[in-house]
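Colleague: attaching a predicted model along with its sequence, questions to come.
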Amino acid sequence: MNFVERVSIKDIIRDLELEVVYMPDDKNDYYVYSQDLNRPGLQFAGYFEYFVHERIQIVGKAEYEYFSYMDKETRRKTLDKFFSYEIPALIVSRNLEVNEDVLEFAKKHNRIILSTKRNTTRLINKLSNYLDDRLAPFSTLHGVLVDIYGVGVFIRGESSVGKSETALELVQRGHRLVADDAVEIRRIDDTILVGQAPKVLENFMEIRGIGIIDIKSLYGVGATKSSKKIDMIVYLENWNSETHYDRLGLDREYEEILETKIEKLVVPVKPGRNTAMILEVAAMNYRQRIIGYDAAVEFTNNLAQHIKK
């Protein structure tokens, strides 16, 4: 598992189009380490127990109005204590004016102050999603990721087993390529993995005997997808007559990626077997089970009733 341990404050300012109200000269390379945010209403009221100062601080209309009613001396004491903590940055929403005393103590303690015209809810949602994506645990794995009927299928297997060729046939059948050869996977929630192609490989595929092809150029924009949630893993392996393969589909196998279990199928490959069609069926069968119908269970129940009769 890999982690992006920090995000540059410069990146946040650029990507979220924030306005710099005050940036200390020695903070040009400052970084954010936490995905979470904090609204410092309790701190402005003077309560600093359990203050999560390592988070970006968001000031909205409620905090702003409450703080404006404080007497001057109390404000100054609170601001001095607030900025004495090493906060990554203070962001003021709704283009609210940053008062002189706030700037005074931000400069005293060398703290960053930013501003945005977005309302507080939209700012929190956008910034939370941004930090979740940038700071999420990630890993790069060998394989091919394809969107089949809306199901994210991660095709894995040994080199030259036919992963890219299978994916190419799926594209020709109207499905969409996400990534070939290397898949960057991020865990954006406790149970959600999202895969995408490294920028240098995006839309490209390697076919042995032909070389590199551009799927987007050959098949159109609809043949590719920038990212996709991984729903299932299909492991392709050369057919082995001595290996027992599941014939009913009752047994469930799982593979763990980034501490998240993903359902796994093992599909044997041999000449004359249409692997792309099998993956289409696997994706449709997965969707059926998600909505509550399991063909393997239904067959077993029917068989049990028949035997009973």
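Modeller: Right, received. Where do you want to start? Numbers count the residues shown, from 1 in each chain.
Colleague: give me the low-pLDDT residue ranges for the stretch 101-250 of the chain?
Modeller: 247-250 (pLDDT under 70).
Colleague: quick check: domain ranges of this structure?
Modeller: Taking automatic domain parsing as the reference, the chain has its domains at 2-135, 137-308.
Colleague: can I get the ones you listed in CSV with mean neighbour count?
Modeller: Any C-beta I mention is one placed from the backbone N, CA and C, and that applies to glycine too. Output for the domains of the chain, formatted as CSV (neighbours: other C-beta atoms under 10 Å):
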stretch, mean neighbour count
domain 2-135, 16
domain 137-308, 16
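Colleague: where do the helices of the stretch 201-309 of the chain begin and end?
Modeller: Ranges of helices in the stretch 201-309 of the chain, per DSSP state H, counting those that start in this stretch, are 215-219, 275-290, 295-308.
Colleague: do the same with the stretch 51-200 of the chain
Modeller: Under DSSP H, counting those that start in this stretch, the stretch 51-200 of the chain gives helices at 61-68, 72-84, 100-109, 120-135, 163-172.
Colleague: Ile148: which of these is closest?
Modeller: Relative to Ile148, the nearest member of the helices of the stretch 51-200 of the chain by C-beta to C-beta is helix 163-172, separated by 6.3 Å.
Colleague: so which residue is dead centre in the chain?
Modeller: Centroid-nearest residue in the chain, with C-alpha atoms, centre = their mean: Ile188, separated by 3.8 Å.
Colleague: mind listing what it touches?
Modeller: Asp132, Asp133, Ala136, Val194 (C-beta atoms under 8 Å, 6 or more residues apart in numbering).
Colleague: before we move on, what about Ile87?
Modeller: Residues near Ile87 by C-beta under 8 Å, 6+ apart: His53, Glu54, Arg55, Ile56, Gln57, Arg111.
Colleague: in CSV, list those along with distance to Gly46.
Modeller: Compiled in CSV, the contacts of Ile87 are given as follows (distance: C-beta to C-beta, whole Å):
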residue, distance to Gly46
His53, 15
Glu54, 20
Arg55, 19
Ile56, 21
Gln57, 16
Arg111, 19
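Colleague: now, those residues that are in strands?
Modeller: In this view, the contacts of Ile87 that belong to strands under DSSP state E are Ile56, Gln57.
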